[in-house]
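Asks: all I have is the shape, not the residue letters:
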């Protein structure tokens, strides 16, 4: 890898999230860009980011970015809506030579395609409080009613691998039933964890409600930036995927087959203040 020099097409894409949610983005990137190698970092010592102060999330995002760049990442995907809202602008300013892709709630396509004029957004409190979300709603949702719910507890259910549990069903029903009563025909997933419960959402919302998963659009944007920078890996071999967590590797390792359909080495990095130290990187 070229961690000390200019990025090369064979270098990996770095992806991070507070936990397993960003694996929904990794899954989409693997489908669209199968020859790209990936390093995925799950900051499970601090999951969920949603309730944390934005300044704290920003500091974690910087520490993770430095670690991924140290591992030779050529592009960073901030596969977390909360971290994107808190840190994306700051990261681009701090690392001006690094291409970043972040998450933005898909309010624009929802507003463009709604027939009823009512859309629902499921996201964390930090995403709803961020300037990015407010800007998207202001720019694109004129004349559209946007209903919001933070789905308390849903992220941790997904982190535990319980994507079809009675608890998940209850959380989603509490969020969606009032929205359905007000006529939503579109649900925007404003947290990267939530695509893993799309079957449960669809079962509650019914076939007349469109569910927007932002991950494929993020994967396309990553591909465009790599192409523009001459960094697309045009090799014939499938890329390798490696994982890091700031918690115990076992739980993440156990969830990989169910969430992404494959497994890979899971290493560990521990926080030392606001910096990360690789203790078992399996790299």
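Replies: Yep, it's here. Since the model is a prediction, treat every value here as computed from it, not as a measurement.

Asks: where in the stretch 151-283 of the chain is pLDDT low?
Replies: Along the stretch 151-283 of the chain, segments meeting pLDDT under 70 span 281-283.

Asks: centre-most residue in this protein?
Replies: residue 79 (2.8 Å; Cα atoms, centre = their mean).

Asks: wait, that residue touches residue 193, no?
Replies: No - assessed by Cβ atoms under 8 Å, residue 79 is found out of contact with residue 193, at 10.2 Å. Any C-beta I mention is one placed from the backbone N, CA and C, and that applies to glycine too.

Asks: who touches both of these two?
Replies: Applying Cβ atoms under 8 Å, 6 or more residues apart in numbering, one finds that residue 79 and residue 193 are jointly contacted by 21, 24.

Asks: quick one, strands of this protein?
Replies: In the chain, the segments counted as strands under DSSP state E are 13-17, 38-42, 75-78, 100-101, 118-123, 145-149, 186-190, 210-212, 241-245, 266-272, 275-280.

Asks: okay, the ones you listed in a markdown table with distance to residue 30 and mean neighbour count next?
Replies: Output for the strands of the chain, formatted as a markdown table (distance: least, Cβ to Cβ, whole Å; neighbours: other Cβ atoms under 10 Å):
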| stretch | distance to residue 30 | mean neighbour count |
| --- | --- | --- |
| strand 13-17 | 10 | 28 |
| strand 38-42 | 7 | 26 |
| strand 75-78 | 12 | 27 |
| strand 100-101 | 15 | 22 |
| strand 118-123 | 24 | 26 |
| strand 145-149 | 30 | 18 |
| strand 186-190 | 19 | 27 |
| strand 210-212 | 20 | 19 |
| strand 241-245 | 7 | 24 |
| strand 266-272 | 16 | 17 |
| strand 275-280 | 24 | 14 |
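
Asks: now for those, which one comes closest to residue 134?
Replies: Residue 134 lies closest to strand 145-149 among the strands of the chain, at 10.9 Å (Cβ to Cβ).

Asks: partner strands of the closest one, parallel or antiparallel?
Replies: strand 118-123 (parallel) (DSSP bridges).

Asks: leaving out the residues flanking it, which one is nearest to residue 94?
Replies: For residue 94, ignoring the flanking residues on the chain, the nearest one in space by Cβ to Cβ, 6 or more residues apart in numbering is residue 62 at 6.4 Å.

Asks: chain center to stretch 225-235, what's the gap?
Replies: Centre-to-centre, stretch 225-235 and its host chain are 21 Å apart (Cα atoms, centre = their mean, to the nearest Å).

Asks: run through who's touching it.
Replies: So stretch 225-235 is contacted by 7-11, 13, 33, 35-37, 74-75, 99, 101, 223, 239 (Cβ under 8 Å, 6+ apart).

Asks: and it, how far apart are its ends?
Replies: This stretch, stretch 225-235, spans 17 Å end to end (Cα to Cα, to the nearest Å).

Asks: just stretch 72-91 next, same as before
Replies: End-to-end distance for stretch 72-91: 17 Å, by Cα to Cα.

Asks: out of everything not next to it in sequence, what's closest to residue 83?
Replies: Closest residue to residue 83 apart from its sequence neighbours, by Cβ to Cβ, 6+ apart: residue 61 at 4.9 Å.

Asks: now do the contacts for the one you found.
Replies: By Cβ under 8 Å, 6+ apart, residue 61 lies in contact with 16, 78, 83, 86, 87, 90, 91.

Asks: mind redoing it with 10 Å?
Replies: Residues in contact with residue 61 (Cβ atoms under 10 Å, 6 or more residues apart in numbering) are 16, 18, 43, 49, 76, 78, 80, 82-84, 86-88, 90-91, 94.

Asks: measure it to residue 266 for me?
Replies: Taking Cβ to Cβ, to the nearest Å as the measure, residue 61 falls 21 Å from residue 266.

Asks: now swap in residue 250 and tell me
Replies: Distance from residue 250 to residue 266, by Cβ to Cβ: 8 Å.

Asks: sorry, back to before: give the buried subset of the contacts of residue 61 as a ChimeraX selection command.
Replies: Burial among the contacts of residue 61 is assessed by 16 or more other Cβ atoms under 10 Å; the matching ChimeraX selection reads:
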select :16,18,43,49,76,78,80,82,83,84,86,87,88,90,91
